[in-house]
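**Q** coordinates only, sequence not included:
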């Protein structure tokens, strides 16, 4: 079961190569240039991308960015102190990470292991760069399903997993979740390795794909948006003092 099937989402109409470019450009720009025009254009781009998956995802992204940036701006208005400066820097970086996580979530929710591998092979990337991300996308829904199954088993045994148990008994709660989860992931890894061998992954022959890799109007719009993100780096910063 894919991650998209886990959350009941449809596949994006954007070409997977454009999605990969979006994740790369947004992360590179936001985490290196944090002035306001860049952040605003980037969060709008990321929120619109998430809204194409589910509208409330875009609203959550915008709300999280607004709260974190307002926290940063509000702390700048207070009298100068080491604590306020540290907290303001934390909120400033949090606003950037919200954008990074938003575009990353869009990639996770729209890419499948097959489309990701096909896009990266089409870009003539070597196997060491293609296989690990595809395996990660394949393992992620397995981890989610196993974690839910472990939590259900804990509830059936009279345990109450949650925030309270993690705060009061962190070591015991971690052991009860992580140890069986690691065992499940190891078993899933063996199954994935066997599946990869059967499909000829890593062999000399380039595998075929059913993924539709084509440039559409929506890709052109996305590339224009990414161009605005890149150009915003040279706009005059307007960080409130």
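**A** Cool, got the structure. A quick note: this is a predicted structure, and the numbers were derived from the prediction, not measured.

**Q** what about the residue of the chain positioned farthest from its centre, which SS state?
**A** The C-alpha centroid of the chain is most remote from residue 79, which lies 36.4 Å away (Cα atoms, centre = their mean). Here residue 79 is coil, with the state taken from DSSP: H, G, I helix; E, B strand; the rest coil.

**Q** could you find the closest non-adjacent residue to the most centrally placed residue in the chain?
**A** Residue closest to the mean C-alpha point of the chain, counted by Cα atoms, centre = their mean, is residue 104 at 2.6 Å. For residue 104, ignoring the flanking residues on the chain, the nearest one in space by Cβ to Cβ, 6 or more residues apart in numbering is residue 23 at 6.2 Å. Where you see a C-beta, it was placed from the backbone N, CA and C, and this is true even at glycine.

**Q** just the pLDDT at the closest residue to residue 29 other than its chain neighbours, thanks.
**A** Nearest residue to residue 29 in three dimensions, chain neighbours excluded: residue 229, at 5.5 Å (Cβ to Cβ, 6+ apart). Residue 229 carries a pLDDT score of 92 in this model.

**Q** and what of residue 24?
**A** Residue 24 is given a pLDDT of 93.

**Q** try residue 34
**A** Predicted confidence (pLDDT) at residue 34: the value is 74.

**Q** isn't it right up against residue 99?
**A** No. Taking contacts as Cβ atoms under 8 Å, residue 34 lies outside contact range of residue 99: 9.9 Å.

**Q** neighbour count: the two, which is higher?
**A** For residue 34 against residue 99, the residue with the higher neighbour count under other Cβ atoms under 10 Å is residue 99, and the figures read 30 against 17.

**Q** tell me which element the more buried one falls in.
**A** Per DSSP states H and E, residue 99 falls inside helix 82-110.

**Q** show me the helices in the chain, by range?
**A** Listed in chain order, the helices of the chain (DSSP state H) span 3-7, 16-30, 36-51, 55-76, 82-110, 113-122, 127-156, 163-168, 170-198, 217-231.

**Q** tell me how many other residues surround residue 135.
**A** Using other Cβ under 10 Å, residue 135 has 17 other residues around it.
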